[in-house]
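>>> here are the coordinates; sequence isn't available:
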């Protein structure tokens, strides 16, 4: 959780040069990812990438699967955290939208700009400052309104005029046949 | 009065007026047809009638009655125009039935009903579509009544790259635009029942939230003031189910498109006035640029399936006429607001695009033949359906008429001296028919005598006369080509061949010689053969057939000339085929052009094909796409095998190597997309970092 991050320094541990290179690469990838989202503050980016990679490392150690890759896990965590942060901020800025929508039915099309203006925005996703809320309120757009389903049933099948239906002429034919037989019987 | 319970009751004066007009037109059409048939029968009876002539006579009666009805409608329209008191260029006519609605509405300063503006799209250029939306937003903002409108871009797009471009363009629009009116975007994962299904999907999801919906086409734009006025009129008349505003074709540059624009702008005025005089509140719906009462539409306009298989059975393809007929059947008024301006559309730019569009419409209109003879529809609705079908059926009928004429003359043999000959009689019939076809064009020009402002808008008499002459000549040459196209479409439809409903080409591209030869080669051959056959068997007829064979023989150069943008622009410089919108650009079209230019400028260097790679790589674009999938319930899981194969392909050859169908599969599955996003992000950066180290 970005906003519950302990800011006290973690004591250094002994790691091999290969592991150090792997961790650095993962941090680089996370930092690059955050940068692409619009996070530009080097301090925030460095702290976040370090924290996320540590989390990924833990997840990798605990996982019984052998095919997992540290970089992929780190990216996955970053993506999930950033997206959920944005969704929660969007929902906080427009509570009426949140109430009516069961899904994540909104986008922040200029999130890059918002993050540029508020580099530590994702730290405060649950309690965004008033200025950020103001910006978000005008930036958040619903994708579709809340649906209120009602059926649009097709009209009954169209029936041709009686004289154009096969059945009508079949009945006429039968009636004529019946009458002619009656007439012949007399 | 409850809007769910319309009462079929009208003001007595208005009702009487249009009933009188209907009878008058019927009598005039019958009398003129009777006279022409009598004359034709006299010609045929010379020397006794042969079998071909017995078939010719009823065929002629049907075709002539059609031409006569159209002629008298235009003539009545001319009379109305000349009698109009407000002889100005403005489109407001105080005598139109909807003027009552308008005056009633004017007491209401503000439309109170919530209205959805729908833009159904299918593989269209997203930049053009959203430029139109943006222009309408700005125009609506200027009215100050934007809070009552929501825009819905309803995508049925199947091309994955266009789909991605739509999402990006929509996101850019909502980012730049304020919060009202809201612009929503929804894409259906399966485009069942095409446009009608798209609208029905909107109705069943969000219809209950809106009083009205204004249905547009991908290339439609409407002034904000027109949108507001449409809502006002609906508010003022609670029995009005559909109000159609005639769209004016604009924005195109090729010679063919400019011919259509000019013809529509100048000639349609008297036709529409004549049409309104008899249709009144039994009018028609053209599928776009119309406002519809949503609840009554939901209740009464769910399209039935036609018995039998496609193309004549199954799903109804041309939905608009049928929806108008269903609405009228349920007792709702369907009106045409010809006095309202600010409604625009775009037309095909080449003869071939025009024919392709006609092919789709032809199949749809052929399906209507069954409905003409079905229970429950109002007589005028049957007439609208018949007119739609006859627009295409008349082509094979005219062709049959011409072929039978040659056969009949050949069977009759040479005329005896002093006898009332075929050629003499035919010339009279030909002259009458041509006059009835061409006089409405002259009527339209004549109407300008009483419309000095409108005349100025067209650039003055010199421009109008030159343009009418040019348009008439070209339309005479094009008519036989379209007759051949329509005949083919009707025959293939009746033979059971289905039409692929592809997206309309809305670009401005010249037709190449190769394309022209492939498409119009058969027309040229048919023209040469016809000329040779007639010349050999009945040389006297060659003169009468010359307009037909000339158009066919020269169809290749004609199609290339008509498709030329350069020629279209040169004619504009000469003041020919000008329409008022080209002389003074309306605000909405100016806004649209601005928006399009701005969108093209702000579009970065990415091509449409590269967007798939971008959605895999760019986190915000990726999140946008997945959010849209979830919000619109469009997530469709792909099979693990497919995902694995595509993943390997991306790893091996990069995202640009993924074929279109596979792109669609991945873009529809939010989880698979996420998996590939993570894969690409890790590996592409890994490659980059390895390279840099």
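Nice, thanks for sending it over. Everything numeric in this text was worked out from a predicted model, so none of it was measured. Residues are numbered from 1 along each chain as shown, chains lettered A, B, ... in the order given.

>>> Can you tell me which helices and strands the longest helix along chain A packs against?
In chain A, ranked by residue count with DSSP state H as the criterion, the top helix is helix A:70-93. Other helices and strands packing on helix A:70-93, by 3 or more C-beta pairs under 8 Å, 6 or more residues apart in numbering or on different chains; DSSP states H and E, are helix A:17-37, helix A:42-62, helix A:95-100, strand A:106-107, helix A:130-139, helix B:619-631, helix B:670-692. C-beta here means a position set from N, CA and C on the backbone, and glycine is covered the same way.

>>> Let's see that with 7 Å instead.
helix A:17-37, helix A:42-62, helix A:130-139, helix B:670-692 (3 or more C-beta pairs under 7 Å, 6 or more residues apart in numbering or on different chains; DSSP states H and E).

>>> Is residue B:334 in a helix, a strand, or coil?
The three-state label given to residue B:334 by DSSP: H, G, I helix; E, B strand; the rest coil is strand.

>>> A helix includes residue A:127, no?
No. Counting by three-state DSSP, residue A:127 is not part of a helix but coil.

>>> Run a quick neighbour tally on residue B:407.
Per other C-beta atoms under 10 Å in any protein chain shown, the neighbour tally for residue B:407 reads 18.

>>> actually residue A:80, sorry about that
Neighbourhood size, residue A:80 [other C-beta under 10 Å]: 11.

>>> In CSV, list the helices and strands packed on helix A:70-93 along with mean pLDDT, mean neighbour count and distance to residue B:145.
Compiled in CSV, these are given as follows (pLDDT from 0 to 100; neighbours: other C-beta atoms under 10 Å in any protein chain shown; distance: least, C-beta to C-beta, whole Å):
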stretch, mean pLDDT, mean neighbour count, distance to residue B:145
helix A:17-37, 88, 18, 38
helix A:42-62, 90, 17, 44
helix A:130-139, 76, 15, 21
helix B:670-692, 75, 17, 38
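
>>> can you tell me which of these comes nearest to residue B:584?
helix A:130-139 (36.0 Å; C-beta to C-beta).

>>> So what angle separates the directions of the closest one and helix A:70-93?
90 degrees (axes from the mean of the first three to the mean of the last three C-alpha atoms, to 10 degrees).

>>> picking up where we left off before, please produce CSV containing the helices and strands packed on helix A:70-93, extended by distance to residue B:631.
Converted to CSV, the helices and strands packed on helix A:70-93 look like this (distance: least, C-beta to C-beta, whole Å):
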stretch, distance to residue B:631
helix A:17-37, 20
helix A:42-62, 27
helix A:130-139, 17
helix B:670-692, 11
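
>>> Looking at those, spot the one closest to residue A:107.
It is, among the helices and strands packed on helix A:70-93 and with distance given as C-beta to C-beta, helix A:130-139, at 9.2 Å.

>>> so after that closest one, what's the next helix or strand?
From helix A:130-139 onward toward the C-terminus, using DSSP states H and E, the following helix or strand is strand A:141-142.

>>> sorry, back to before: quick one: contacts of the longest helix of chain A?
Contacts to helix A:70-93, defined as C-beta atoms under 7 Å, 6 or more residues apart in numbering or on different chains, come from residues A:2, A:22, A:25-26, A:29-30, A:33-34, A:37, A:52-53, A:55-57, A:59-60, A:98, A:104, A:106, A:108, A:111, A:121-122, A:125-126, A:128, A:133, A:136-137, A:140, B:619, B:623, B:678-679, B:681-682, B:686.

>>> how about stretch B:233-252, does it reach chain A?
No. Shown here: stretch B:233-252 not in contact with chain A (C-beta under 7 Å from any C-beta of the partner chain), separated by at least 14.6 Å.

>>> Give me the distance between the two termini of that stretch.
Terminal residues of stretch B:233-252 are spaced 31 Å apart (C-alpha to C-alpha, to the nearest Å).
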